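>>> Predicted model, plus sequence, below.
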Amino acid sequence: MSDATSLSGRVRTEPRLHAAALVAAVAVGVALASVHWLGLIAAGALASLVAPTVRRGVAYALGAGVVALAAFAVSLGPAAAAVPGMRPITYVAVGAGLALPLFGSLARAVAT
């Protein structure tokens with residue numbers, strides 16, 4: 001068993017290490033998503049890789065997408081009042097914010 005395998009096993013099973021890794025993964029993913037839309041895929045991949053199961057990895061990826069969307073909404077500030085009038089682009093933003101991290105969560109299924 002290599003060091004990388006034992007570390008990933010510990011990250012997935014030890015509660016404190018798991019929580020710290022999950023918070024770090026989501027933070028890095030959301031930071032990447034603030035620069036480029038491919039960061040949403042990275043956010044889903046990073047969040048799902050710390051999950052103990054593939055199913056939970058999908059849930060973590062969805063959570064990372066929700067966090068990214070919330071960060072985006074906060075970054076809009078006072079301009080958020082105009083969002084309801086921009087329906088087509090809002091649908092694209094929400095769809096991408098949820099679907100791209102889900103696509104990234106495939107990394108957990110591949111890593112199994």
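Now that the structure is in, tell me what you want to look at.
>>> From now on I want contacts and neighbour counts done on CA atoms only, so please keep to that.
Noted.
>>> Leaving out chain neighbours, which residue sits closest to residue 17?
residue 11 (5.4 Å; C-alpha to C-alpha, 6 or more residues apart in numbering).
>>> In this protein, where is pLDDT below threshold?
1-5, 112 (pLDDT under 70).
>>> repeat that for 50
Applying pLDDT under 50 to the chain flags the ranges 3.
>>> Going by residue numbers, what spans are helices in it?
With DSSP state H as the criterion, the chain has helices at 3-13, 15-33, 38-49, 54-76, 87-104, 106-111.
>>> Just put those helices in JSON lines and tack on mean neighbour count.
Converted to JSON lines, those look like this (neighbours: other C-alpha atoms under 10 Å):
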{"stretch": "helix 3-13", "mean neighbour count": "14"}
{"stretch": "helix 15-33", "mean neighbour count": "18"}
{"stretch": "helix 38-49", "mean neighbour count": "29"}
{"stretch": "helix 54-76", "mean neighbour count": "20"}
{"stretch": "helix 87-104", "mean neighbour count": "17"}
{"stretch": "helix 106-111", "mean neighbour count": "16"}
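>>> returning to that earlier point: dump the residue contacts of the residue nearest to residue 17.
17, 18, 21, 50 (C-alpha atoms under 8 Å, 6 or more residues apart in numbering).
>>> From those, pick the one nearest residue 97.
residue 50 (19.9 Å; C-alpha to C-alpha).
>>> Could I get the contacting residues of the closest residue to that closest one other than its chain neighbours?
Once flanking residues are discounted, residue 50 sits nearest to residue 12: 5.7 Å by C-alpha to C-alpha, 6+ apart. Shown in contact with residue 12 (C-alpha under 8 Å, 6+ apart): 18, 50, 51, 52.
>>> Just send those back as TSV, with distance to residue 41 too.
Converted to TSV, the contacts of residue 12 look like this (distance: C-alpha to C-alpha, whole Å):
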residue	distance to residue 41
18	20
50	15
51	16
52	19
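>>> Please indicate which of these are buried?
Neighbour-count burial (16 or more other C-alpha atoms under 10 Å) is assigned, among the contacts of residue 12, to 18, 50, 51, 52.
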